[in-house]
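> What follows is a protein structure lacking sequence information:
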């Protein structure tokens, strides 16, 4: 089932770029541009998560937080303000995470995913072509047949699936799969990609992107 | 030790010393006076005995008998003693062989009597002796009868006098304790009362020191402490004002920084976001053009923001070449450029600057000011309206007026529009690529020219901004700097 995310951001350009990034990884989105509209939207519809700018017209982010607390919807603050006071205030009011602009799309996606997982709203099964991945069991099947993957290959596959249609650099793969303290060569990524492509017959779907890295496409 | 303790203790000590000294002086003086009276009376008694003996000496000469002398002297002494029976007086007569002729003394006479050694004929000496538990006043003289000298000693018991003095002291001690106690009590209350205002002052000072700057001392008295309290309150008021000023200034600065980061990061977020989106997702022409458009406009916005900021910063540094120039002709020069700006909305620019006006100006800065004011007016105006620029003099002052027929500024926004990054209508300002810096810049320019900006506005009817310049030459002066 697709997750519904409310984007509360008064800058239309930013709102749109967030929406585009979320849509491409299969989230449904609703955009509103001020605090009162956001409050209306929360009353009308059920959302799985809210991305909330602090400095919005009519009703600011912190005031809105207080009003929507009874709905118990996870909230990630988006803001240009990165003072300690705002962080503390935001988190105290029950925000689940905090993003300081400017941020990268995959970083936002990762945070959204973390928050959704915390609320038990994350998809447990992901599909691509004939490949099915069960996150609970760490089980991968191709045409219904189990496929043996090394732990790193499995992690790499999950990162690709979670950022479907978005190209990630080799450094980003290293960071997400091997950890930020891993000082390996980017060739390690290439080798694992090659292996995953072969084992899961995804040669046509894991694309090599010039100057960037790899992208999983439907 | 507290101040009021010191006051009461000190005054108490002074009181004790003076009171005791004075009382002792009085007691001693009265005692001495009575004593000297007693001595005088004893001496005169002795004298009278002496003279009565002198009177009978011729008779004694006739008889010239030792026994007779003795009998007569004894009789005289007895008679005298009898007469003063109730006064505890004693008589002792001895001859030159130290044999007692008469004595009614009921105590032991001292053996050594130093007062007799220097005693001459017809002299009376006195001495006070403590014998047993009594105090006796001795008066002695020598009488010569038939070449035999007799010592007459007249004595008086003055014990009661000393007892009186002791009694006085005893009584005084009681009075002393009571008086001191009472004095101490009164002094404690008085000094406590006197220092209470100081305590109050102290408490207020502590409250203020802990940040309660609006605290004041509730003292109304007219004495020195009252004056101190009034001055203290005045000081506290000044400090409070200063601190509020600083806080306001600080908040303004903080707001500037907050707004600045917001204005800077918002376009950056868009630019980076779109660029990254385009580079990491599959090519799609519509999204591609959309994204490039956003990157271009947001880039332009950053550019204009940086220009405005540079203006603002250079203004803050106070650079500028002030020369005497004609403001009217500067506006005339700008007309084509302003009309170009107004063309898009088909707005008429009406100039009414015939009067001219020579002022000390920085031409470039004044152009920035006029440009910004007209720009704001244009943004507020609807299609086919008009903007009037007027220059006129009024009470020795030149006034530059920019008047539009636009949407006006609501009262809620009016006092904040000069704040950097303040936007009355965010969305509209952004659409016009504004950053909310225009009026801040105008304000700075005006301030450098010692001019004041006034705003008059009616919602939906238009805004009039007046820049009021100080006269170039103050009356009486005429020196060109």
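Received it, and whenever you're ready, just let me know what you need. Quick caveat, the model's predicted, so the values are computed rather than measured. Numbers count the residues shown, from 1 in each chain, chains lettered A, B, ... in the order given.
> For chain A, which residues are neighbours of chain B?
Counting by C-beta under 8 Å from any C-beta of the partner chain, chain A comes close to chain B at A:10-11, A:13-14, A:16-18, A:20-21, A:24, A:33, A:55, A:57, A:80-82, A:101-105, A:165-168, A:209, A:212, A:215, A:217. For glycine as for every other residue, the C-beta is placed from the backbone atoms N, C-alpha and C.
> again, only this time at 7 Å
Selection of chain A residues close to chain B by C-beta under 7 Å from any C-beta of the partner chain yields A:10-11, A:13-14, A:17, A:20-21, A:24, A:55, A:57, A:80-81, A:101-102, A:104-105, A:165-167, A:212, A:215, A:217.
> quick one: which of those residues sit in helices?
By the criterion of DSSP state H, membership of the residues of chain A next to chain B in helices covers A:13-14, A:17, A:20-21, A:24, A:105.
> Point to the residue nearest the middle of chain A.
residue A:109 (1.9 Å; C-alpha atoms, centre = their mean).
> Does that residue belong to a helix, a strand or coil?
With DSSP: H, G, I helix; E, B strand; the rest coil as the basis, residue A:109 sits in helix.
> From residue A:49, how far off is it?
Separation of residue A:109 from residue A:49 (C-beta to C-beta, to the nearest Å): 12 Å.
> and if you look at residue A:128?
Distance from residue A:128 to residue A:49, by C-beta to C-beta: 23 Å.
> quick one: which of the two has more around it?
residue A:49 (24 against 18; other C-beta atoms under 10 Å in any protein chain shown).
> Need phi/psi at the more buried one.
phi -160, psi 150 (degrees, to the nearest 10).
> Centre of the chain to the helix or strand harbouring residue B:55, how far?
Following DSSP states H and E, one finds residue B:55 within helix B:3-63. Mean C-alpha position of helix B:3-63 versus that of the full chain (C-alpha atoms, centre = their mean, to the nearest Å) differs by 56 Å.
> and residue A:46, that one's in a helix?
No: under three-state DSSP, residue A:46 sits outside any helix and is assigned coil.
> count of residues packed around it?
8.
> per-residue confidence for it?
Looking at residue A:46, its pLDDT reads 87.
> coming back round to it: how about the ones in helices among the residues of chain A next to chain B in a markdown table, adding neighbour count and pLDDT?
Shown next, in a markdown table, are these (neighbours: other C-beta atoms under 10 Å in any protein chain shown; pLDDT from 0 to 100):
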| residue | neighbour count | pLDDT |
| --- | --- | --- |
| A:13 | 24 | 82 |
| A:14 | 24 | 83 |
| A:17 | 26 | 85 |
| A:20 | 19 | 86 |
| A:21 | 25 | 86 |
| A:24 | 19 | 83 |
| A:105 | 22 | 80 |
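> which one of the residues you listed sits closest to residue A:132?
residue A:24 (21.3 Å; C-beta to C-beta).
> My read is that that closest one contacts residue A:166, right?
Yes: contact criterion C-beta atoms under 7 Å: residue A:24 and residue A:166 qualify, at 6.5 Å.
> so what sits against both of those two?
Common neighbours of residue A:24 and residue A:166, counting by C-beta atoms under 7 Å, 6 or more residues apart in numbering or on different chains, are residue B:281.
> quick one, helices of chain A?
Counting by DSSP H, chain A has helices at residues A:12-24, A:35-44, A:61-68, A:84-92, A:105-118, A:151-162, A:170-173, A:187-200.
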